[in-house]
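Trainee: got a sequence here, can you build the structure:
(one chain, ligands or ions: 1)
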Amino acid sequence: MKFKKAFFIKLLIIAAVGVAGLIALLARRQAPAQDTRLKVVTSGYVAFAVAREIGGDKINLSMLLPANAEPHSFEPTPGTIIAVHSAGVFIYVSPQLEPWVKDILPSVRPGAAVVEAASGAAPSKDPHIWMDFDNMRPFARSVSAALSGQDPANRAFFEERLALFLKELDELDAEYSRVLSSCQTREMVHIGHLAFGNLAARYRLHLTALAGTSHDGEHSVRKLAGVIKQVRQSGVKYVFTEEEIAQNLAATVARETGAQVLPLYTVEHVSRQDVAAHTTYAQFMHRNLTNLARGLQCKA
Ligand SMILES: [Zn+2]
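Mentor: Residues are numbered from 1 along each chain as shown. This next block holds a predicted model:
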């Protein structure tokens, strides 16, 4: 009898656990955890970083570009179209920087807001507009206005975050001006694509970039030879490179000239580690200033 009772209880427990599990499963199916926050989709990391500064945890934020991808020649997938169609706000930089965006703009839902970062930027042949803090201010304001327009209940939150971000931009700008006015050389040799033209122009640095404005620009042997010659003649002790690309080219320049290599961060082509770490725009720009100060031998 005793044995039978124990066995029966065991069966009951197994059945109860099973039923509980089934109920939990059904409950999950019937009521999926719904994210009711405003859905914001960005083209790449620059727009993503700005949207995160302004929207914080009040928005459901995602970006189209995967980590470690470069934005100029990205190719949209059906998933890209679905993501853009589901967005309440879509943010990108410009058709010059992201030529593929024009193909997905028609899939934006009627009534959704679209922000083009470059619409408030100063004209420049370099489409990396975020490398000039003056272009970041109107961009951040447009993002805040779009978020508030779609989600007026959180307007005060967005405006407060905008004010903090604008203050951070002012501080960065002041620090760049201070540090970069005290350098022994203004020769900025970049073994990468033309992503720092606006930064160089803003702080009156003389920039030589190995390639044009997109990542797939030609790195011709002739151009490389020209850069090596220039480094030797000008006697610069450091050259700059960028994340993920052109490392072998930078190593060649270093080997041929004896110059040391320092990384700069484009903010557009971002490593998996930085995406996972939620590295902010300001953090990238601080890293850039640290390496520029070292490479240009600035005193401040
Ligand atoms: Zn670029």
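Trainee: residue 241 belongs to a strand, doesn't it?
Mentor: Yes. According to DSSP: H, G, I helix; E, B strand; the rest coil, residue 241 belongs to a strand.
Trainee: residues touching it, list them.
Mentor: By CB atoms under 8 Å, 6 or more residues apart in numbering, the contact list for residue 241 reads 190-192, 247, 249-250, 261-264. Heads up, the C-betas are built off the backbone N, CA and C, glycines and all.
Trainee: return a PyMOL selection command for the buried portion of those.
Mentor: Per 16 or more other CB atoms under 10 Å, the buried members of these correspond to this PyMOL selection:
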select buried, resi 190+191+192+249+250+261+262+264
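Trainee: pLDDT check: weakest of the contacts of residue 241?
Mentor: Lowest pLDDT among these: residue 247, with 72.
Trainee: let's see which of the contacts of residue 241 end up in helices.
Mentor: 247, 249-250 (DSSP state H).
Trainee: where do the helices sit along the protein?
Mentor: 2-30, 45-55, 78-85, 101-104, 133-150, 155-180, 197-202, 221-234, 247-257, 272-276, 281-295.
Trainee: find the centremost residue of this protein, please.
Mentor: The residue lying closest to the centre of the chain (CA atoms, centre = their mean) is residue 45, at 2.3 Å.
Trainee: poorly predicted segments of the stretch 151-300 of the chain, please.
Mentor: 214-220, 244-246 (pLDDT under 70).
Trainee: cutoff 80 now
Mentor: 212-222, 243-247, 300 (pLDDT under 80).
Trainee: for the residue lying closest to residue 124 once chain neighbours are set aside, what are its contacts?
Mentor: Spatial nearest neighbour of residue 124, chain neighbours left out: residue 198 (5.6 Å); criterion: CB to CB, 6 or more residues apart in numbering. Residue 198 sits next to 124, 126, 128-129, 131-132, 135 when contact means CB under 8 Å, 6+ apart.
Trainee: try it again at 6 Å.
Mentor: Neighbouring residues of residue 198 by CB atoms under 6 Å, 6 or more residues apart in numbering: 124, 126, 131-132.
Trainee: gap between it and residue 160?
Mentor: Distance, residue 198 to residue 160, by CB to CB, to the nearest Å: 28 Å.
Trainee: now residue 268
Mentor: Note on residue 268: its distance to residue 160, by CB to CB, is 27 Å.
Trainee: of the two, who's got more company?
Mentor: Legend: neighbour count by other CB atoms under 10 Å for residue 268 and residue 160, higher for residue 268 (27 against 13).
Trainee: could you count how many residues lie near the closest residue to residue 295 other than its chain neighbours?
Mentor: Leaving aside its sequence neighbours, residue 295 sits nearest to residue 238 (CB to CB, 6+ apart; 3.5 Å). By other CB under 10 Å, the residues close to residue 238 number 20.
Trainee: cool, residue 279 as well?
Mentor: Residues within reach of residue 279, counting by other CB under 10 Å, total 18.
Trainee: for residue 71, same thing?
Mentor: With other CB under 10 Å as criterion, residue 71 counts 27.
Trainee: same check on residue 292?
Mentor: Neighbours of residue 292 (other CB under 10 Å): 24.
Trainee: can you tell me the closest non-neighbouring residue to it?
Mentor: Nearest residue to residue 292, sequence neighbours excluded (CB to CB, 6+ apart): residue 180, at 6.7 Å.
Trainee: pretty sure that neighbour is touching residue 203, no?
Mentor: Yes. With contact defined as CB atoms under 6 Å, residue 180 and residue 203 form a contacting pair (4.3 Å).
Trainee: alright, I will stop here.
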